[in-house]
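Engineer: return atomic coordinates for the entry below.
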Amino acid sequence: MSYAVEVSDLTFAYEREPILERINFRMETSDFMAIIGPNGGGKSTFLKLLVGLLSPKQGTIKIFGEPPQKIRGILGYVPQNTHINIEFPIRVLDVVLMGYHEGKRPLFGYNELEKKRATEALEKVGLAHRLHAKIGALSGGERQRVMIARALCGSPKLLILDEPTSNLDIEGQKSIYTLLQHLNKHIPVIVVSHDISVILEYANKVAYINRRLTFHDISDKNRVFHTHGLEEHFCEVELLQMLGADGCDRCNGTSFQTEKSK
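Structural biologist: Model (predicted):
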């Protein structure tokens, strides 16, 4: 079987103390995977390893059979901090076009094919009608959709997002996750999220990372979760399972979240 992501015996340390230790998992091409866990548990480091910004100290990462550094062109990445100045009078289309050439504007501008693909990316996120709007005129949820369109510009084979719904209300979160669920019909999706009760309604796999990784298969429609990893483990996934198949409904619309950074 061909896997979108395959991680084997991954260990990483900035100095001597391991940040990640003996990480193993496989992600199929149809998966929508959420990554959860406490602050300082290694989620951000793991994401940097996946997109090739860091290299493992031990073990391997393969994305569609290749190391991340070799296939950056097929990764669509939406970082938590996009550093877009909403006061700057830049058009939505221009922001999306930054998804080409690692964000560097070509000497002679973008060609018509690139503009067409950028427009198509905006169509996928439901914002083609705003392509000439100034980025600062959009709502927070719309700007996040623009960032997703920017990641889609290069026709990626894997979409990775770091906290795509931070600072959005419940309805905004659901809107983004519904969009990602739709995109998942065509490409695998990885999302780092604190919005547990919301993301579990959309993801089919959950990786809990706190130095080690515990993997949850939540694809069962009756919310019978299957877990493998650490023997002594309890996280929000198990808690919501204890609440029952309608556990998220019992939250009364309140997002159940892991600890956020101050």
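Engineer: just to check, residue 96 is in contact with residue 120?
Structural biologist: No. With contacts counted by C-beta atoms under 8 Å, residue 96 stays clear of residue 120, the gap being 9.9 Å. Backbone N, C-alpha and C define where each C-beta goes, glycine included.
Engineer: neighbour count: these two, which is higher?
Structural biologist: Taking other C-beta atoms under 10 Å, residue 96 and residue 120 do not tie; residue 96 has more neighbours (29 against 15).
Engineer: how about the residue nearest to the more buried one when sequence neighbours are not counted, secondary structure?
Structural biologist: Computed as C-beta to C-beta, 6 or more residues apart in numbering, the closest residue to residue 96 that is not its neighbour in sequence is residue 118, at 4.4 Å. Following DSSP: H, G, I helix; E, B strand; the rest coil, residue 118 is assigned to helix.
Engineer: quick check: residue 118 touching residue 95?
Structural biologist: No. In this structure residue 118 lies outside contact range of residue 95 using C-beta under 8 Å: 9.2 Å.
Engineer: who touches the closest residue to residue 176 other than its chain neighbours in this structure?
Structural biologist: What sits nearest to residue 176 in space, not counting adjacent residues and going by C-beta to C-beta, 6+ apart, is residue 165, at 5.1 Å. Listed by C-beta atoms under 8 Å, 6 or more residues apart in numbering, the contact partners of residue 165 are 144, 172, 173, 176, 177, 193, 195, 198.
Engineer: what sits against the nearest residue to residue 136 once chain neighbours are set aside?
Structural biologist: Nearest non-adjacent residue to residue 136, counting by C-beta to C-beta, 6+ apart: residue 86, 4.0 Å away. By C-beta under 8 Å, 6+ apart, residue 86 lies in contact with 135, 136, 143.
Engineer: tell me the pLDDT of the last one.
Structural biologist: This points to residue 143. Residue 143 carries a pLDDT score of 91 in this model.
Engineer: other SSEs contacting the helix or strand containing it?
Structural biologist: Assigned by DSSP states H and E, residue 143 falls within helix 140-152. Packing contacts for helix 140-152, counted by 3 or more C-beta pairs under 8 Å, 6 or more residues apart in numbering; DSSP states H and E, involve strand 75-78, helix 92-97, helix 112-124, strand 158-162, helix 170-183.
Engineer: of the ones you listed, which is nearest residue 52?
Structural biologist: strand 75-78 (7.7 Å; C-beta to C-beta).
Engineer: so the residue nearest to residue 176 sits in a strand?
Structural biologist: No. Residue 165 is assigned coil when assessed by three-state DSSP, not a strand.
Engineer: find me the pLDDT at it, would you?
Structural biologist: 86.
Engineer: all strands of the stretch 151-262 of the chain, in order?
Structural biologist: Here the stretch 151-262 of the chain has its strands, by DSSP state E, counting those that start in this stretch, at 158-162, 189-192, 205-210, 212-217, 226-228.
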